[in-house]
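Novice: coordinates only, sequence not included:
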């Protein structure tokens, strides 16, 4: 009898758990920011390819384009990284400036944080459409140092 | 020249050139520069080819000691920032630098910009263990930072000290010039501009815009290009010609 009671308790617990996982509001899901513009020559949902395709295969498109551009100089914009960044920009509501990849609101982070997939694209690539807020011009003055004084012939 | 001044023959010629440019993917280029652009433009979906070889000719007699317009333009174009490291002038990335050469015997000083010489036989590519250093079909030597492991072997192999290592995290990259910590980098000959067709590297534009006109960029394989004409007309040298690397950057007046 005791064994039977335990069985009921376990099944009840399982039932509660499983029903919880089906209830949408209790399962954390990524909030993916909307793209800023609709691509004219893109897929039916505005992106360069249908959204379902992009969710599964975006990394393949980027990887392919990466080698084409780097080694062959093919600079078509359809699957270019720049185009992703320009369209999927997330702007800070207060400042109006695009947030960079350090910010959890960044488009790529919104899903990659959820999926715990680390990307290193932005170690080198700009994560915002234009150079970041710390403008380079103020630091340019020190390039004086690069004018080497005299190198003997 | 306005349309009124043109005879009908010229007009049709211009129309023809315009149409050719449109086919070649250079439709937005204004009349007047069309002819030059057609010679250099490449449609975005087409591979670069060995029919071109991009090069620079630098006239040191027009290059002033202390002038660093080219250096500033390069840094701005490629968003190269300085660090506050105590020895930053030694360790910070530099894609182009000004070098003053003094002849010990006569005291004569020549100033010149030094950057990646885009060798035909690049030693950096020879020694690269991953294939990250490579020469494009059109002669531009690049680092594929996706596969660069930052070993800096290429920096040791380069006889021109043209390459730099990025020691610090970068946050202010230009969208056209990705660069990041742990990889080696050097002058790309502003490859993003060159691929657009008819555009000079930022250093050349800056040098021209400021009236020095010490730098000429163009296709070494096109006999009608400005650089080929000047190379034919004037004597020029490759730095460290003894190494037989056949660099794409040539100098006059040294």
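Specialist: Yep, it's here. Source: prediction; values computed, not measured.

Novice: Where does chain A get nearest to chain B, residue-wise?
Specialist: residue A:124 (3.3 Å; CB to the nearest CB). Every C-beta, even on glycine, is put in place using the N, C-alpha and C of the backbone.

Novice: wait, isn't that residue in contact with residue B:184?
Specialist: No - using CB atoms under 8 Å, residue A:124 is not in contact with residue B:184; the gap is 11.9 Å.

Novice: residues touching residue A:112, list them.
Specialist: A:118, A:119 (CB atoms under 8 Å, 6 or more residues apart in numbering or on different chains).

Novice: On the three-state scheme, the residue positioned nearest the centre of chain B is what?
Specialist: Centroid-nearest residue in chain B: residue B:189, 2.7 Å away (criterion: CA atoms, centre = their mean). Per DSSP: H, G, I helix; E, B strand; the rest coil, the secondary structure class of residue B:189 is coil.

Novice: what's the closest non-adjacent residue to it?
Specialist: residue B:140 (5.0 Å; CB to CB, 6 or more residues apart in numbering or on different chains).

Novice: ditto for residue A:83
Specialist: residue A:77 (5.2 Å).

Novice: same check, this time on residue A:129
Specialist: residue A:86 (4.9 Å).

Novice: residues near that neighbour, how many?
Specialist: The local packing of residue A:86 (other CB atoms under 10 Å in any protein chain shown) involves 18 other residues.

Novice: likewise the one 4 residues further on?
Specialist: Taking other CB under 10 Å as the criterion, the count of residues near residue A:90 is 19.

Novice: ok, it - contacts?
Specialist: Contacts of residue A:90 by CB under 8 Å, 6+ apart are A:33, A:98, A:99, A:103, A:105, A:106, A:107.

Novice: Which members of these are classed as buried?
Specialist: A:33, A:98, A:99, A:106, A:107 (16 or more other CB atoms under 10 Å in any protein chain shown).

Novice: Next one: the closest residue to the first one other than its chain neighbours from residue A:32, what distance?
Specialist: In space, not counting the residues next to it along the chain, residue A:33 is nearest to residue A:90; the distance is 4.9 Å by CB to CB, 6+ apart. For residue A:90, the distance to residue A:32 under the criterion CB to CB, to the nearest Å works out to 10 Å.

Novice: between these two, what contacts are shared?
Specialist: Counting by CB under 8 Å, 6+ apart, the shared contacts of residue A:90 and residue A:32 are residue A:107.

Novice: Just give the closest residue to the closest residue to chain A within the stretch 151-254 of chain B, not the sequence neighbours.
Specialist: Per CB to the nearest CB, residue B:180 is where the stretch 151-254 of chain B lies closest to chain A, at 3.3 Å. Excluding its sequence neighbours, the residue lying closest to residue B:180 (CB to CB, 6+ apart) is residue A:124, at 3.3 Å.
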